[in-house]
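Novice: have a look at this prediction, sequence included:
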Amino acid sequence: MILAEYAPQASAVVTNEFVSEFSKGHKELIPFGCLDFSDKRPFEDQARNAVEKLGVKGFKLLPSYQYFYPNDQALFPFYDYVQSLGMVIMFHTGTSIFHGTHIKYADPLLLDEVADQFPHLNILMEHGGRTFWYDRAAWLVSKYKNMHIGIAGIATRHLPKYFPRLEKYADRFVFGSDWPGLADIKGLIEKVLALPYSNETKEMILHKNAKRLLGGA
């Protein structure tokens, strides 16, 4: 996935137009859009433009980078639109190494109301609320069938400790969906394969869940 990002205060600006153009002609690349909170257009209008004109296949939002609460009702028409398309919204949850990020916006519990109000919206909590809120992310997965956890940025060997009931909710954990983009992908896959889970669980984490969430993307 190629991720757009509008977060000039904390990291960078990678526009929806850029990820769209970068992905053209490469079927293996999946462009994900982002909302620009400095844009005066309604969030739903931004999303429609990104989907209908630029061809994005989902969205990534960074509350602690972009300074917004995910349960802000101003976002609800956007959520409703994405839900109607069956697409995924990824949310950065938990801590960040970048200066300028405000962690108060990244508490997974802020997604509780969103998951409840939009039960068919596929939500992916990136980093599983690291490092303060693993238990909150796990609780949300147990409560809502539309909640998922992206394991990027979490030490693989600690997954059984952080998420003791992972195997029960194995259809909700996703590998490789977000930064950091480490070079040794093969090594990371081998670490997942070494976990004390069934082969079916490991296959779901590594590829089956992502394939289901992304659909025909």
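Specialist: In hand now; what should we look at?

Novice: pull the contacting residues for I97.
Specialist: The contact partners of I97, by C-beta atoms under 8 Å, 6 or more residues apart in numbering, come to none. C-betas here are computed from N, CA, C, even on glycine.

Novice: that's a helix at it, yeah?
Specialist: No: assigned with DSSP: H, G, I helix; E, B strand; the rest coil, I97 falls outside any helix and is coil.

Novice: gap between the most centrally placed residue in the chain and K168?
Specialist: The structure's the chain has its C-alpha centroid closest to M90; by C-alpha atoms, centre = their mean the separation is 2.3 Å. To K168, M90 is 23 Å away according to C-beta to C-beta, to the nearest Å.

Novice: do the same with S23
Specialist: S23 is 35 Å from K168, by C-beta to C-beta.

Novice: re earlier: pretty sure the residue nearest to the centre of the chain contacts I30?
Specialist: No: taking contacts as C-beta atoms under 8 Å, M90 lies outside contact range of I30: 11.7 Å.

Novice: in the protein, which spans are helices?
Specialist: 16-23, 43-52, 63-66, 76-85, 112-117, 134-143, 159-162, 185-193, 199-203, 209-214 (DSSP state H).

Novice: let's have the ones you listed in a markdown table, adding mean pLDDT, distance to H99 and mean neighbour count.
Specialist: As requested, the helices of the chain are arranged in a markdown table below (pLDDT from 0 to 100; distance: least, C-beta to C-beta, whole Å; neighbours: other C-beta atoms under 10 Å):
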| stretch | mean pLDDT | distance to H99 | mean neighbour count |
| --- | --- | --- | --- |
| helix 16-23 | 98 | 24 | 18 |
| helix 43-52 | 99 | 26 | 18 |
| helix 63-66 | 98 | 11 | 23 |
| helix 76-85 | 99 | 28 | 17 |
| helix 112-117 | 99 | 28 | 17 |
| helix 134-143 | 99 | 24 | 20 |
| helix 159-162 | 98 | 26 | 16 |
| helix 185-193 | 95 | 27 | 13 |
| helix 199-203 | 98 | 36 | 15 |
| helix 209-214 | 97 | 31 | 17 |
